[in-house]
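**Student:** Build me a structure from this.
(one chain, ligands or ions: 2)
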Amino acid sequence: MADLPGIVITGASGRMGQMLIRTVLASDKARLVGAVDRSGHDWIGKDLGTCMGGAEIGVTVTDDPLEVFAKAQAVLDFTTPEATVGFAALAAQARAVHVIGTTGLTEDDLAKVAAAARHAVIVRAGNMSLGVNLLVQLTRRVAEALDTDFDIEVVEAHHRHKVDAPSGTALMLGEAAAEGRGVALRDVADRGRDGITGARERGAIGFSAIRGGDVVGEHDVIFAADGERVILRHIATDRGIFARGALKAALWGQGKAPGEYDMADVLGF
Ligand SMILES: NC(=O)C1=CN([C@@H]2O[C@H](COP(=O)(O)OP(=O)(O)OC[C@H]3O[C@@H](n4cnc5c(N)ncnc54)[C@H](OP(=O)(O)O)[C@@H]3O)[C@@H](O)[C@H]2O)C=CC1
Ligand SMILES: O=C(O)C1=N[C@H](C(=O)O)C[C@H](O)C1
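**Tutor:** Ligands and ions are numbered 1, 2, ... in the order given. Alright, predicted model coming up:
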């Protein structure tokens, strides 16, 4: 047991944090060695097991990430962009594999993550599920095969608590569609339509976001032409798919050369 990779989970009390904790505790390939939450959070200083409504598990929730990163082989991080940028530097200092699921990172945030990846392994993806990463490959292939007679629209739906739009997954799908077409997403993305928008531009890749209820995550990539539509769809019904992907990434990253990787690397796509 002691030689299994030790895992720390940041944002332990969050929706993904709690799912990651259950996933690591149920795994026979890794052990949970730490849980981090925000300073001032009610869980700090308490046993994680009791915080989650169960028996004690001997892991105390801390607001001192470096202390626990230092004894870990990997950090699973689904928090906020600001927190993730800080964790990237600390995980690199501790030489722990940093698995980043956080979405909504700015160009500036991404540059800081890339700097940390010069010293340690980072696996980052806007979606860690097997199904979405397959959909990304399919989107690239379909976009390669269809010309700009087909208008590309990415439509996503998430729960009412989600704070960023378009979702990280929608952006991954948009990037894949743009790559398939041989264009840069930033040159063709149409991210906000309201009012008299004018007719759709040929070659644009449009994004729409729905927010409501408890939707875990749904994504459609629509290729719409005159007379026909091709629709690629992924529906997530359980956050366990993201947590299992993140744990797989943490295990895959052990012993890899420093650098920034994604789930396509982990899954061998
Ligand atoms: N890549 C993927 O496969 C997936 C990515 N995500 C992404 O993961 C992120 C989190 O999603 P979700 O779990 O729903 O969000 P939550 O808001 O439920 O969880 C985020 C957690 O991070 C905590 N947090 C914030 N700042 C810090 C900090 N400085 N130190 C430690 N903890 C901190 C929050 O604490 P508090 O509430 O007290 O502020 C909260 O517990 C989002 O960016 C989401 O898009 C989600 C699912 C899958
Ligand atoms: O915030 C979420 O919940 C999710 N976020 C990710 C995203 O932004 O795409 C992944 C998943 O769709 C759930």
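
**Student:** Which parts of the stretch 51-200 of the chain are helices?
**Tutor:** In the stretch 51-200 of the chain, the helices defined using DSSP state H, counting those that start in this stretch lie at 65-69, 81-93, 107-116, 130-145, 168-181, 185-188.

**Student:** Pick the most buried one from those.
**Tutor:** Neighbour counts (mean count of other C-beta atoms under 10 Å) averaged over each of the helices of the stretch 51-200 of the chain peak at helix 168-181, with a mean of 23. The way it works is simple: take the backbone N, C-alpha and C, and place the C-beta from them, glycine included.

**Student:** other SSEs contacting it?
**Tutor:** If you count contacts as 3 or more C-beta pairs under 8 Å, 6 or more residues apart in numbering; DSSP states H and E, helix 168-181 packs onto helix 130-145, strand 151-158, helix 185-188, strand 205-211, strand 217-225.

**Student:** Nearest to residue 253, out of the helices of the stretch 51-200 of the chain?
**Tutor:** Residue 253 lies closest to helix 81-93 among these, at 10.9 Å (C-beta to C-beta).

**Student:** what inclination does the closest one have with respect to helix 107-116?
**Tutor:** Angle, helix 81-93 to helix 107-116, by axes from the mean of the first three to the mean of the last three C-alpha atoms, to 10 degrees: 10 degrees.

**Student:** Output helix 81-93 as CSV, restricted to C-alpha atoms.
**Tutor:** Extracted in CSV, the C-alpha atoms of helix 81-93 (Å, rounded to 0.1, in the frame of the first residue of the first chain):
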residue,chain,number,x,y,z
PRO,A,81,-8.1,29.3,-12.6
GLU,A,82,-6.6,31.5,-9.9
ALA,A,83,-6.1,28.6,-7.5
THR,A,84,-4.8,26.3,-10.3
VAL,A,85,-2.1,28.7,-11.4
GLY,A,86,-0.8,28.8,-7.8
PHE,A,87,-1.0,25.0,-7.4
ALA,A,88,0.9,24.5,-10.7
ALA,A,89,4.0,26.3,-9.3
LEU,A,90,3.8,24.4,-6.0
ALA,A,91,3.2,21.0,-7.6
ALA,A,92,6.3,21.7,-9.9
GLN,A,93,8.3,22.6,-6.8
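
**Student:** and residue 1, what pLDDT?
**Tutor:** At residue 1, the pLDDT value in this model is 70.

**Student:** you'd agree it is up against residue 30?
**Tutor:** No: the criterion here is C-beta atoms under 8 Å, and residue 1 misses it with residue 30 at 10.2 Å.

**Student:** Looking at the two now, which is surrounded by more residues?
**Tutor:** More crowded of residue 1 and residue 30, by other C-beta atoms under 10 Å: residue 30, with 20 against 5.

**Student:** hmm, back to that, any chance of TSV for the helices of the stretch 51-200 of the chain, columns distance to residue 222?
**Tutor:** Converted to TSV, those look like this (distance: least, C-beta to C-beta, whole Å):
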stretch	distance to residue 222
helix 65-69	41
helix 81-93	28
helix 107-116	27
helix 130-145	11
helix 168-181	10
helix 185-188	15
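
**Student:** Figure out which of those helices is closest to ligand 2.
**Tutor:** Smallest distance to ligand 2 across these (C-beta to the nearest ligand atom): 3.3 Å, for helix 168-181.

**Student:** mind listing what the nearest residue to residue 103 once chain neighbours are set aside touches?
**Tutor:** Excluding its sequence neighbours, the residue lying closest to residue 103 (C-beta to C-beta, 6 or more residues apart in numbering) is residue 168, at 3.1 Å. If you count contacts by C-beta atoms under 8 Å, 6 or more residues apart in numbering, residue 168 has them with 103, 104, 125, 126, 127.

**Student:** Show the pLDDT at residue 168.
**Tutor:** For residue 168, the predicted pLDDT is 98.

**Student:** Please apply the same query to the one 4 residues further on.
**Tutor:** For residue 172, the model assigns a pLDDT of 98.
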